[in-house]
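In: Build the 3D model from these lines:
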Amino acid sequence: MTLADQPPAASLVFQTLLIHGPLTRAEVGRRTGLSPGAVTKVATPLLADGWITELGSPAAATERGSGRPAVPIAVRAGRARFVGVKVTGDELIGVLADLTARPLASGRAALRSRDVGTVVLAIARLVARLRTDAGAARDDDVHSIGVTIAGDVDGRTGTVQYSPFLDWRRVPLAQLVETATGTPTVIENDVRALTVAEQWFGAGVGLSSFALVTVGAGIGCGLSIGGRVVSGAHGVSGEVGHLPVGGTDRVCTCGNTGCVEAVASSHAITEQAREAAGDPELGLAGAVRLAHGGHREVRAVFARAGHAMGLALASVANLVGPERIIISGEGVSSYDLYEDQIRQTFAAHAFGAAADCDLLVRPLPFEEWARGGAAVAAQRLFAPSK
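Out: Next comes the predicted model:
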């Protein structure tokens, strides 16, 4: 029996153990609101089929007053394996992980072309290499693959509706990767996948709500509300990079002007720094050096980016009211240059108690983003409707 065949209560118990376990049955009941009898009823087939396991002897202890076993139960991590692949404009980053998203193997592969066929073939080759590195004896040792990509991604249909950095439109990526690898495949927006990872084993564990804002080639946002990562009715949600903040006539990748992304993305900062320094060859690292060296005009570029980000974060806090906003992405490597401006603008525009939201800077390598793909693949196993 698969997890998808289990009743909703079983999925609830399994996810609770996945995020918070090991737990005794009584602790599972307290966290889920299920009665002791209901927990036992759904745990029994999960134990029999090897999805969860008992950690110790039931004879060692009993839950007070119930006579029920007090030994902890936990997800059996080795019951299934998953591959997560993060697709960037020039590279693939892959992780093969167990059921708890613990990495067993990781690897990277350069992309010679952004052509769909070339990328799909490269994904298939990377998956094969990860299987070998992790000692997978058979192709079916990997239950499923989760591919994550920036842009408008519809995980329900497996289609990349639009990815500006790859210039893809309406690409049935899940089907193409599944055909190339022979393994069931799901796809997800990369920021939402990273949000799932943070919800399971990162800075979002135990929070009723949080937001993840990523700063890099684009500005992304994942939202976890009531324990669920929001996907949006049409696969689009949390697009704070395209909130209009005004004050600029710069054109965004979406074609509009005045977006946060047009001011605060790594690409936008680099372009503005080139203009400010009068150096058309200046890269982001050079811009950071100039700003740290006191170049007034380049420092002003980072300050404007910080103001735009502060407005975006305040909007998230005002609309959602999360307990925490996690700030990540490759752009946080230069976060010190605009942190003060972000926090000042956030404090000025967050309404009332929303200003108490915890802002946490959390640098994460792309392997963690790929791990998010593995977590999404695992999540679909027990919560296929998500």
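In: What count of nearby residues applies to residue 167?
Out: 10 (other Cβ atoms under 10 Å). C-beta coordinates here come from the backbone N, C-alpha and C atoms, glycine included.
In: Regarding the residue nearest to it when sequence neighbours are not counted, what is its secondary structure?
Out: Distances taken as Cβ to Cβ, 6 or more residues apart in numbering put residue 114 closest to residue 167, at 6.8 Å, once the chain neighbours are dropped. Put simply, residue 114 is coil when judged by DSSP: H, G, I helix; E, B strand; the rest coil.
In: dump the residue contacts of residue 238.
Out: Residues near residue 238 by Cβ atoms under 8 Å, 6 or more residues apart in numbering: 191-192, 211, 220-223, 230, 232.
In: Sort out for me which of these are in helices.
Out: Among the contacts of residue 238, DSSP state H puts 191-192 in helices.
In: of all the contacts of residue 238, which two lie farthest apart?
Out: Greatest spacing in the contacts of residue 238, by Cβ to Cβ: 211 and 232 (14.2 Å).
In: who has more neighbours, these two?
Out: Between residue 211 and residue 232, counted using other Cβ under 10 Å, residue 211 has the larger neighbour count: 28 against 14.
In: wouldn't that one be in contact with residue 322 here?
Out: Yes. Contact criterion Cβ atoms under 8 Å: residue 211 and residue 322 qualify, at 4.7 Å.
In: got any residues that touch both of those two?
Out: 223-224, 316.
In: Drop everything from the residues you listed that is not in strands and list the rest.
Out: Residues of the shared contacts of residue 211 and residue 322 located in strands (DSSP state E): 223-224.
In: Which one of the shared contacts of residue 211 and residue 322 is nearest to residue 196?
Out: Of these, the one sitting nearest to residue 196 (Cβ to Cβ) turns out to be residue 224, at 8.2 Å.
In: quick one: contacts for the closest one?
Out: Residue 224 touches 195, 198-199, 204, 207, 209-212, 230, 322, counting by Cβ under 8 Å, 6+ apart.
In: shaky segments in this protein?
Out: 1-5, 57-69, 136-140, 234-236, 384-386 (pLDDT under 70).
In: And the helices in it?
Out: Assigned by DSSP H, the chain shows helices spanning 8-20, 25-32, 36-48, 116-133, 173-181, 190-201, 261-264, 266-277, 284-292, 296-320, 339-349, 366-382.
In: need those in TSV with distance to residue 240 and mean neighbour count, can you?
Out: Formatted as TSV, these follow (distance: least, Cβ to Cβ, whole Å; neighbours: other Cβ atoms under 10 Å):
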stretch	distance to residue 240	mean neighbour count
helix 8-20	25	20
helix 25-32	31	19
helix 36-48	38	17
helix 116-133	27	18
helix 173-181	24	20
helix 190-201	10	27
helix 261-264	9	27
helix 266-277	14	20
helix 284-292	21	18
helix 296-320	4	22
helix 339-349	13	17
helix 366-382	18	27
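In: Can you convert the ones you listed into JSON lines and add a column each for distance to residue 147?
Out: Formatted as JSON lines, these follow (distance: least, Cβ to Cβ, whole Å):
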{"stretch": "helix 8-20", "distance to residue 147": "21"}
{"stretch": "helix 25-32", "distance to residue 147": "31"}
{"stretch": "helix 36-48", "distance to residue 147": "28"}
{"stretch": "helix 116-133", "distance to residue 147": "7"}
{"stretch": "helix 173-181", "distance to residue 147": "6"}
{"stretch": "helix 190-201", "distance to residue 147": "9"}
{"stretch": "helix 261-264", "distance to residue 147": "23"}
{"stretch": "helix 266-277", "distance to residue 147": "23"}
{"stretch": "helix 284-292", "distance to residue 147": "27"}
{"stretch": "helix 296-320", "distance to residue 147": "26"}
{"stretch": "helix 339-349", "distance to residue 147": "32"}
{"stretch": "helix 366-382", "distance to residue 147": "6"}
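In: There's contact between residue 303 and residue 338 in this structure, I believe.
Out: Yes. Here residue 303 reaches residue 338: they are 6.3 Å apart, a contact under Cβ under 8 Å.
In: I figured residue 266 hits residue 283, correct?
Out: No. The criterion here is Cβ under 8 Å, and residue 266 misses it with residue 283 at 10.0 Å.
In: With the flanking residues excluded, which residue is spatially nearest to the spatially most central residue of the chain?
Out: What sits nearest the mean C-alpha location of the chain, by Cα atoms, centre = their mean, is residue 194, with 1.0 Å. What sits nearest to residue 194 in space, not counting adjacent residues and going by Cβ to Cβ, 6+ apart, is residue 372, at 4.3 Å.
In: Now do the contacts for the one you found.
Out: Residues near residue 372 by Cβ under 8 Å, 6+ apart: 84, 86, 146, 148, 188, 190, 193-197.
In: Report the buried residues of stretch 106-119.
Out: 106-107, 111, 119 (16 or more other Cβ atoms under 10 Å).
In: hang on, residue 166 packs against residue 152?
Out: No. Counting by Cβ under 8 Å, residue 166 does not reach residue 152; the two are 11.7 Å apart.
In: Name the residues contacting each of the two.
Out: Shared contacts of residue 166 and residue 152 (Cβ under 8 Å, 6+ apart): residue 160.
In: which residue packs closest to residue 378, ignoring adjacent ones?
Out: Excluding the flanking residues, the one nearest residue 378 by Cβ to Cβ, 6+ apart is residue 82, at 5.2 Å.
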